[in-house]
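> Please find the sequence and the predicted model below.
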Amino acid sequence: MNCTQARPRIAAYVDQELDALECLRLDAHVSGCRACQHERTQQVFVSRELRRELVRHRAPSDLHRRIRENLLSKARRTQPWWQRLRWPALVPTAGFAAAALFSANVYMLASMPSQEDRVADGVLDSHLRALIGSRAIDVVSSDQHTVKPWYAGRLDFSPPVTDFATQGFALLGGRIDYVEGRTAAALVYQHRKHVVDVYIWPDAHSPERAPAQVARRGYNLVHWTRNGMTYWLASDLEAVELAKLEALLAATPAT
Ligand SMILES: [Zn+2]
């Protein structure tokens with residue numbers, strides 16, 4: 001696949017409308033093409049902003065009533081004959097109504113994003129904002145002895161800061177970011193041509209959590225909780241490569 005073939009597919013890719021094979025082919029191109037990576041970043045950003053800002057209209061009561069009646073009449077038609085009897089079918093009808101209510105509740109629960117989903121979205125949003133905007137790094141330095149004290153005056157916790165340049169992950173600097181209402185330290189690393197944001201915030205109340213990977217719209221996230229700190233990595237880097245940074249961070253003593 002080349003850029004001309006990739007471009008018209010990027011929006012559909014971001015909205016997860018491509019089939020698995022097309023997704024793989026597009027991934028193969030985008031992972032090696034800066035221009036298409038930039039296009040994907042912008043598309044993800046636009047798609048998320050649209051979703052957030054879209055005006056939602058309430059259905060007029062008349063439309064609401066007609067849909068309801070339509071659904072009810074369909075439900076009545078699909079009921080077995082013994083449920084359609086007016087009497088003595090009261091009990092099964094009540095059962096049917098209860099089942100309908102129950103399945104509606106289960107559906108609502110299943111379609112609600114979990115707390116973890118919301119945090120993952122927040123992390124990805126923040127990562128994209130930094131990629132697009134001009135404020136990717138507040139303190140530009142590869143020196144941990146510069147970056148760590150910079151946080152000291154600005155956060156009420158001390159994130160572990162280590163440069164892993166010799167292992168392929170060069171520290172570019174850090175910034176302070178906000179994820180789902182929390183203040184987080186965001187350390188910025190570079191691996192080849194990819195940027196990795198490492199979000200860290202204190203989380204004394206959560207149990208320890210082994211690293212878990214989440215793939216979202218062409219980006220990879222890894223998160224874990226250790227020693228009272230929650231970590232999220234976000235990048236378009238392949239999951240295997242991100243796991244290497246996770247291992248390096250795990251081997252770093254918390255300070
Ligand atoms: Zn391209």
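Sure, I can see it. Residues are numbered from 1 along each chain as shown.
> in which helix or strand would I find the spatially closest residue to residue 162 that is not a sequence neighbour?
In this structure, residue 162 finds its nearest non-sequential neighbour in residue 252, 5.0 Å apart by C-beta to C-beta, 6 or more residues apart in numbering. For glycine as for every other residue, the C-beta is placed from the backbone atoms N, C-alpha and C. Taking DSSP states H and E as the definition, residue 252 sits outside all helices and strands.
> Could you export stretch 14-32 as CSV, CA atoms only?
In CSV, the C-alpha atoms belonging to stretch 14-32 read as follows (Å, rounded to 0.1, in the frame of the first residue of the first chain):
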residue,chain,number,x,y,z
VAL,A,14,-9.7,5.5,12.8
ASP,A,15,-13.5,4.9,13.1
GLN,A,16,-12.7,1.1,13.2
GLU,A,17,-14.7,0.5,10.0
LEU,A,18,-12.1,-1.4,8.1
ASP,A,19,-11.9,-5.2,8.0
ALA,A,20,-9.0,-6.9,9.7
LEU,A,21,-7.0,-7.5,6.5
GLU,A,22,-7.3,-3.8,5.3
CYS,A,23,-6.4,-2.8,8.8
LEU,A,24,-3.2,-4.8,8.8
ARG,A,25,-2.2,-3.5,5.3
LEU,A,26,-2.8,0.1,6.4
ASP,A,27,-0.9,-0.5,9.7
ALA,A,28,2.0,-1.8,7.7
HIS,A,29,2.1,1.4,5.6
VAL,A,30,1.3,3.9,8.4
SER,A,31,3.9,2.5,10.8
GLY,A,32,6.7,3.4,8.3
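> and it, anywhere near the ion?
No: under the criterion of C-beta under 5 Å from the ion, stretch 14-32 makes no contact with the ion; the nearest approach is 5.6 Å.
> Now do that stretch: everything it contacts.
Under the contact criterion C-beta atoms under 8 Å, 6 or more residues apart in numbering, stretch 14-32 has outside partners 1-3, 5-6, 9-10, 12-13, 36-37, 40, 43-44, 47, 217-218, 236, 238.
> Report pLDDT for the residue in the stretch 51-200 of the chain that the ion sits nearest to.
The stretch 51-200 of the chain approaches the ion most closely through residue 193 (13.3 Å), counting by C-beta to the ion. According to the prediction, residue 193 has pLDDT 85.
> Just give me the neighbour total for it.
A count of nearby residues for residue 193, using other C-beta atoms under 10 Å, gives 10.
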